[in-house]
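what's the 3D shape of this:
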Amino acid sequence: MGENGAANYYQNAALEIGLPQGASKCFDDDGRLKRTGTVWTSSAHIITAVIGSGVLSLAWAIGQLGWVAGPAVMLLFSVVTYYTSALLSDCYRSGDPSTGKRNYTYMDAVRANLDGFKVKLCGYLQYLNIVGVAIGYTIAASVSMVAVKRSNCFHKNGDDSPCEVNSNPYMIMFGVVQIIFSQIPDFDQIWWLSIVAAVMSFTYYSIGLGLGIAQVIKNGGFRGSLTGISIGAVSQMDKIWRTLQAFGDIAFAYSYSIILIEIQDTIKAPPPSEAKVMKRATLISVAVTTVFYMLCGCMGYAAFGDLAPGNLLTGFGFYNPYWLLDIANVAIVVHLVGAYQVYCQPLFAFVEKWAERTWPESRFVCGEIEVALPGERTYKLNLFRMTWRTGFAVVTTVASMLLPFFNDVVGLLGAVGFWPLTVYFPVEMYIVQKKVERWSTRWVCLQLLSLACLVITVASAAGSIAGVVSDLKVYRPFKG
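Numbering: from 1, shown residues only. Next up is the predicted model:
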């Protein structure tokens, strides 16, 4: 049944057993099953989404910017992300923050506050960005799996062994795992996967930080410079492109606004309001991730200086302690399995709801088959959901095999998604929602923030595109 039909069904069921609407023990005020999310589950979802492959490129990004600009830019992005996320969380409900109409997705929030063209633009950007993130995470996971394979090869055959490993089989393995996990029906049922993934992120971050500190001690001090990699080590034009790409890498490391509303929709009903809980979850998550990023990025740069690698863990080589690096890389893969799902669930839900509205009588689209599971449980199998989600995983896997450029893809994703989805739409929705008067001090400040972030986005995208073009000159597809 459609979304409205389901809501009416649940509301009528509650009334039939004598429970007034809004007071049911099983259903929320909109007729949906009671939400159970808290500040901690929301924080786990955010940390899972944010601390992913992006953290591994931060030492390289700081290497391009130097000790002054690198941490400053990271702090700037964290403040902007927290502020705009707080604005966006106020748009979950239209009207009253506790009893107003819920907006279930980022698109619903845009539709409730902005006009038709902006709604379409937001939809294209949001879902294109999700596809890009899925590709980026597939690439990152294969990089870590290849690193495990090579480290064990070096350990077994000696440091001089070639140990060439093709990444394509590992991308396919990751894609198969995603096909299985993508059959989890909706966001609220993957909370456990988010918590496991968040634990994994702490694991590999801690190992990366510890190895960075050990490398600094071994070097006898900090490496790096105030202005980053010098002209001479790279050409002047390369320095410019790399600097711009570094902005994109840092932006990608903080990118999660596109799924904020979907995470907020898992939070249990007021009091306190979902917006208040989400703001606390955002503050906790952004603070935790910023500490992570500062320590991991800065220690990575301190360990390797201007030669900091695009993927931090590969900079420690494939040697001893090889088992520790293996643990870190396996933790990255497990984390990315969860992060992929957290990001893609909104896209899955959007396509499936659209299909239900378009073909409401189709058994293929709307019908469910009960499959018996161990422990007297059942799984409701939907053929359209299985087919579409499997197809999505296959397409993103093939795309990853065609473009396995970790750093450049990460930078481009961060650049393209940051301004419109993290800044522009939240600012515009907040202005409409709170009726901010045109040309007032607050309005002008919000527009200046949006304009500044637009300039950064355009510049970062240019740098990342230049990197992809450079990689394509020497790349042969499916040979990675």
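
can you give me the strands for the stretch 301-450 of the chain?
In the stretch 301-450 of the chain, the strands defined using DSSP state E, counting those that start in this stretch lie at 369-373, 377-381.

What ranges in this structure fall below the confidence cut-off?
Residue ranges of the chain with pLDDT under 70: 1-24, 51-54, 159, 187-190, 313-320, 376, 404-411, 413-414, 471, 473-480.

hmm, back to that, looking at the strands of the stretch 301-450 of the chain, which is buried most?
strand 377-381 (a mean of 11; mean count of other CB atoms under 10 Å). The C-beta positions use only the backbone N, C-alpha and C, and glycine is treated the same way.

Please export the C-alpha coordinates of it as CSV.
C-alpha atoms of strand 377-381 as CSV (Å, rounded to 0.1, in the frame of the first residue of the first chain):
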residue,chain,number,x,y,z
ARG,A,377,11.0,-15.3,12.5
THR,A,378,10.0,-14.3,8.9
TYR,A,379,11.5,-11.9,6.3
LYS,A,380,9.1,-10.1,4.0
LEU,A,381,10.7,-10.4,0.5
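
Within the sheet, what are the partner strands of it, with directions?
With DSSP bridges as the test, strand 377-381 is paired with strand 369-373 (antiparallel).

what residues are up against the residue nearest to the spatial centre of the chain?
Nearest to the mean C-alpha position of the chain, by CA atoms, centre = their mean, lies residue 49 at 3.9 Å. Residue 49 is in contact with 256, 259, 339, 342-343, counting by CB atoms under 8 Å, 6 or more residues apart in numbering.

Columns distance to residue 387 and neighbour count on top of the residues you listed, output as CSV?
Output for those, formatted as CSV (distance: CB to CB, whole Å; neighbours: other CB atoms under 10 Å):
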residue, distance to residue 387, neighbour count
256, 28, 29
259, 23, 25
339, 24, 33
342, 22, 26
343, 20, 25
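
Looking at those, which is nearest residue 168?
Using CB to CB, the shortest approach to residue 168 within the contacts of residue 49 belongs to residue 339, at 21.2 Å.

any idea how far the closest one is from residue 333?
Applying CB to CB, to the nearest Å, the value for residue 339 to residue 333 is 11 Å.

hang on, the earlier thing: nearest residue to the residue nearest to the centre of the chain other than its sequence neighbours?
Of all residues not flanking residue 49 in the chain, residue 256 sits nearest, at 4.4 Å (CB to CB, 6 or more residues apart in numbering).

thinking again about what came up before, what's the closest of the strands of the stretch 301-450 of the chain to residue 415?
Comparison of the strands of the stretch 301-450 of the chain against residue 415 by CB to CB identifies strand 377-381 as nearest, at 39.3 Å.

what's next to that closest one, contact-wise?
183, 185, 368-373.

Pick out the most distant pair among those.
Pairwise distances among the contacts of strand 377-381 were taken by CB to CB; the largest, 16.8 Å, belongs to 185 and 372.
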